[in-house]
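Participant: Predicted model and sequence below, questions to follow.
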Amino acid sequence: MKVLPTLLAASVFMTCATYAADSAVTEVSKTKTYVLDEENQRLAETYARMLRYYEQRNFSSTRSVRVLMGNYPQHVEPILYAAFERYPNHYRHIIKAAIDAEPAFTRDIITVALNLEVADPAEIVRIGVETEPSYAEAMVSTVDQINPEQFNEVIRVAVLTEPHTADGILRANKEAEVGKLESIIRSVLAAAPALGGYLADTISHIIGSASDTDELQAQDIERKRAIALLRSAYDAGGITIEQLKVIAARHELSEDELEQILHQ
């Protein structure tokens, strides 16, 4: 695979001063703890030379990343590896530039940043959501896969950064097991309790998303799911008693079950 051979040739003529600057910068990089496969390592070295070439031409790190990502989005991993290694303190600008250049690759960009540990997962997601909020649920899901212990915190940060991401995050996790969903609802509503009314229909939809087996068993599952999720929503302070009663009636909960939600 050839990547801008003319730039590779040009990069050979870099000055000694530039090489010295490279050493000073990469000493503090965290990318050394992340191992690329052989092909991506070769590409990362190529892009590192290209970054040095662009630097000689007075390109900022942001402009360099935007140019490379715009031309070679399929090389997200080696491009960002090289950029984070060369400019470890510019991670905010690098993430934003990469997403701005190729929004469709947002999940891949966030994945690389998380794997390279360029910042705390919540900080990475905050930058990503500020840049491209429409991919918030994909970013949160990526953290769940890579750093699951940070899952609830990144949900909180994502919703605080852009409250309207809450609906998508809830819906994206509608098939999660009940305990996890309870935790997600609490995190969302604790971050933005004013959204409770807006999210009431979403919570009702999630309650009814349990997969069916036979009719009686499905009804039992749905009732237990409704009680658990509504209790979490109510305890988090995101929905009022009136909204709670409307959802409970929609799912045919009894007065005793409603009392259970309110007082247990």
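Facilitator: Nice, I can see it. Residues are numbered from 1 along each chain as shown.

Participant: can you give me the helices in the stretch 151-264 of the chain?
Facilitator: Per DSSP state H, counting those that start in this stretch, the stretch 151-264 of the chain carries helices over the ranges 151-161, 165-172, 178-191, 196-207, 215-235, 241-250, 255-263.

Participant: could I get those as CSV with mean pLDDT, distance to residue 64 and mean neighbour count?
Facilitator: C-beta here means a position set from N, CA and C on the backbone, and glycine is covered the same way. CSV is the format used below for the helices of the stretch 151-264 of the chain (pLDDT from 0 to 100; distance: least, CB to CB, whole Å; neighbours: other CB atoms under 10 Å):
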stretch, mean pLDDT, distance to residue 64, mean neighbour count
helix 151-161, 96, 26, 22
helix 165-172, 94, 29, 20
helix 178-191, 92, 35, 20
helix 196-207, 86, 41, 19
helix 215-235, 83, 46, 17
helix 241-250, 90, 50, 16
helix 255-263, 89, 55, 13
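
Participant: out of the ones you listed, which comes closest to residue 65?
Facilitator: helix 151-161 (21.7 Å; CB to CB).

Participant: For residue 224, give me its contacts.
Facilitator: Neighbouring residues of residue 224 by CB atoms under 8 Å, 6 or more residues apart in numbering: residue 178.

Participant: Could you check how far it is from residue 218?
Facilitator: With distances taken as CB to CB, to the nearest Å, residue 224 is found 11 Å from residue 218.

Participant: residue contacts, residue 65?
Facilitator: By CB under 8 Å, 6+ apart, residue 65 lies in contact with 79-80, 83, 93-94, 97-98, 101.

Participant: ok, now residue 158?
Facilitator: Residue 158 makes contacts with 125-126, 129, 136, 139-140, 165, 169, as judged by CB under 8 Å, 6+ apart.

Participant: just residue 127 next, same as before
Facilitator: By CB under 8 Å, 6+ apart, the contact list for residue 127 reads 92, 95-96, 119.

Participant: and those residues as CSV, adding pLDDT?
Facilitator: Shown next, in CSV, are the contacts of residue 127 (pLDDT from 0 to 100):
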residue, pLDDT
92, 97
95, 98
96, 98
119, 97
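
Participant: Any chance of the residues you listed in JSON lines with secondary structure, distance to residue 146 and neighbour count as columns?
Facilitator: As requested, these are exported to JSON lines (DSSP: H, G, I helix; E, B strand; the rest coil; distance: CB to CB, whole Å; neighbours: other CB atoms under 10 Å):
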{"residue": "92", "secondary structure": "helix", "distance to residue 146": "19", "neighbour count": "17"}
{"residue": "95", "secondary structure": "helix", "distance to residue 146": "15", "neighbour count": "28"}
{"residue": "96", "secondary structure": "helix", "distance to residue 146": "20", "neighbour count": "20"}
{"residue": "119", "secondary structure": "coil", "distance to residue 146": "13", "neighbour count": "19"}
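
Participant: Now residue 151. Nearest residue, chain neighbours left out?
Facilitator: Take residue 151 and drop its neighbours on the chain: the residue closest to it by CB to CB, 6 or more residues apart in numbering is residue 144, 4.8 Å away.

Participant: Would you mind confirming that the one you found is in contact with residue 155?
Facilitator: No. If you go by CB atoms under 8 Å, residue 144 and residue 155 don't touch, sitting 9.2 Å apart.

Participant: picking that back up, name the member of the contacts of residue 65 with the most neighbours.
Facilitator: Highest neighbour count within these, by other CB atoms under 10 Å: residue 79, with 32 neighbours.

Participant: That residue and residue 249: what is the separation?
Facilitator: Distance of residue 79 to residue 249, given as CB to CB: 54 Å.
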